[in-house]
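J.: test case, fold it:
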Amino acid sequence: MSIYIHRNGQQFGPFEEDQVIDQLHGGQFSPDDMGIRQGETEWKKLSVMFPNAAPTQAPFAAIPAPPVLEPEVAAIPVQYEAVYRGTTMQKIFFGLCFLVSVVGFAAAAFYLYSLWGSSGDLQADLGRLSYRILARNLSGGMLVGALFALLALVLTFKRKLIRSNGPRIALRVFFILILFIGLGNLAYGAVSYLTYRAPYSSPKKSAESNELLKALEEGSAATAPYEMAAIFLPIGAGLFLFGLSGILMTKKLRTE
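T.: Residues are numbered from 1 along each chain as shown. Below you'll find the model as predicted:
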C-alpha cells in the first residue's frame, strides 16, 4: 500500500512500505515524520505506523583528538651576555712601564735643564753643547714614549670583549702594525748605537785646531753614538707597549 510522507512542511511520495522502512533504518526519515497510507484520512508518526522500524545508526567512530598545537612564540632577538677580561696584571705591568717612562722623562728634562744657560766659560759651554743636544733628544723621545705608555695603560681599562669579528680583527691588525713599528724603532736605535763609527779625523788637523774647536769635537765624539738611540729607543718602547696592550684588548672570545 502506498504511503505519503510529510516533513518540514513538504509532502513526499508515494512510497512503498518497504521503502519507508528502509529509509527509516537508514536515517533518511525520522520517526517523528508524519505518514499516511493511501485511503486513510489521519496522519500518523512513522514511529506509530512502524513501531519496529526505528532508525539504526552506526556507532560513531572514535574521533581522534585534535593535535595539540604549541603556541607560537614570537622570535626574541638574541641578547648576548657581555664578557669581560681580567686586566689586573696588565694594569700593574703597563702602570709600572708608564711610571718608569715618566721618571725617565723627568730625569732627562732635569739633565737638560742643568745644561741650559751659560757657565761663563766658552770652552766648557762648547764642550757641553753636544750633551745638551743629546739631553734634548732624550727628553723628546722619553716624552713620546711616555705618552704611548699612557695609552697602553688606558687600554687596560677596556675590559669588555669585542664580540663582532670584523671590528675586532681590524683593530687587532692595527695594533699588530703598531707593535712591529715599535720593534722597528727599537731595532734601529740599537743598531745605530752598535754600528756607530766615528768619522775619520786627521791627527795633523787635530793638532792644528784651536782649543775651542777641540772642545766642540770632543763633546760631539762623546755623544754621537747615542744621538739616534736616545730618540728611537724610548719611542720604540712606547709603541711596542701600546701595540701589545691593544692586541691583548682585542683577543678572541673563547667559546666552550
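J.: quick one: secondary structure of the residue nearest the centre of the chain?
T.: Most central in the chain under C-alpha atoms, centre = their mean is R163, positioned 2.2 Å from the mean C-alpha point. What DSSP: H, G, I helix; E, B strand; the rest coil gives for R163 is coil.
J.: show me where the stretch 51-200 of the chain has its strands.
T.: Assigned strands in the stretch 51-200 of the chain: none (criterion: DSSP state E, counting those that start in this stretch).
J.: check the gap between the residue nearest to the centre of the chain and L194 for me.
T.: 46 Å (C-beta to C-beta, to the nearest Å). All C-beta atoms are positioned from the backbone trio N, CA, C, and that covers glycine.
J.: how about N137: what's its closest non-neighbour residue?
T.: A230 (4.5 Å; C-beta to C-beta, 6 or more residues apart in numbering).
J.: burial count for the one you found?
T.: Neighbourhood size, A230 [other C-beta atoms under 10 Å]: 25.
J.: what is the helix or strand containing it packed up against?
T.: Using DSSP states H and E, A230 maps to helix 227-249. With contacts taken as 3 or more C-beta pairs under 8 Å, 6 or more residues apart in numbering; DSSP states H and E, helix 227-249 sits against helix 88-115, helix 122-155, helix 165-194.
J.: out of those helices, nearest to M249?
T.: helix 122-155 (5.0 Å; C-beta to C-beta).
J.: for the closest one, give the mean pLDDT please.
T.: When pLDDT is averaged along helix 122-155, the result is 85.
J.: so which bits of that helix are buried?
T.: 125-153, 155 (16 or more other C-beta atoms under 10 Å).
J.: same deal with stretch 169-188?
T.: Applying 16+ other C-beta under 10 Å to stretch 169-188 flags R172, F175, I178, L179, I181, G182, N185, L186, Y188 as buried.
J.: ok, so what distance separates the fifth one from L239?
T.: Separation of I181 from L239 (C-beta to C-beta) stands at 5 Å.
J.: do the same with the fourth one
T.: When C-beta to C-beta is applied, the distance between L179 and L239 equals 7 Å.
J.: ok, now which ones touch R136?
T.: L112 (C-beta atoms under 8 Å, 6 or more residues apart in numbering).
J.: what about it, distance to A229?
T.: R136 is 14 Å from A229, by C-beta to C-beta.
J.: then R159?
T.: R159 is 36 Å from A229, by C-beta to C-beta.
J.: do T87 as well
T.: 32 Å.
J.: which one of these two has more residues nearby?
T.: More crowded of T87 and A229, by other C-beta under 10 Å: A229, with 23 against 18.
J.: thought that one was touching G189?
T.: Yes. Applying C-beta atoms under 8 Å, one finds A229 in contact with G189, separated by 4.3 Å.
J.: quick revisit: tell me which of the helices and strands packed on helix 227-249 lies nearest to P31.
T.: Across the helices and strands packed on helix 227-249, closest to P31 is helix 165-194 (C-beta to C-beta), at 80.0 Å.
J.: correct me, but I231 touches L143?
T.: No. In this structure, I231 is not within contact of L143 by C-beta under 8 Å, at 10.8 Å.
J.: how about low-confidence regions in the stretch 151-256 of the chain?
T.: The stretch 151-256 of the chain contains residues with pLDDT under 70 at 198-209, 211-222, 253-256.
J.: residues contacting P14?
T.: S2, I3, Y4, Q38.
J.: meant to ask about I5
T.: With C-beta under 8 Å, 6+ apart, I5 has these contacts: Q11, F12, G13, F15, V20, F29, D33, M34, G35, L46.
J.: tell me the contacts of the fourth one?
T.: The neighbourhood of F15, defined by C-beta under 8 Å, 6+ apart, consists of S2, I3, Y4, I5, Q23.
J.: how about a cut-off of 6 Å?
T.: For F15, the contact set (C-beta atoms under 6 Å, 6 or more residues apart in numbering) comprises I3.
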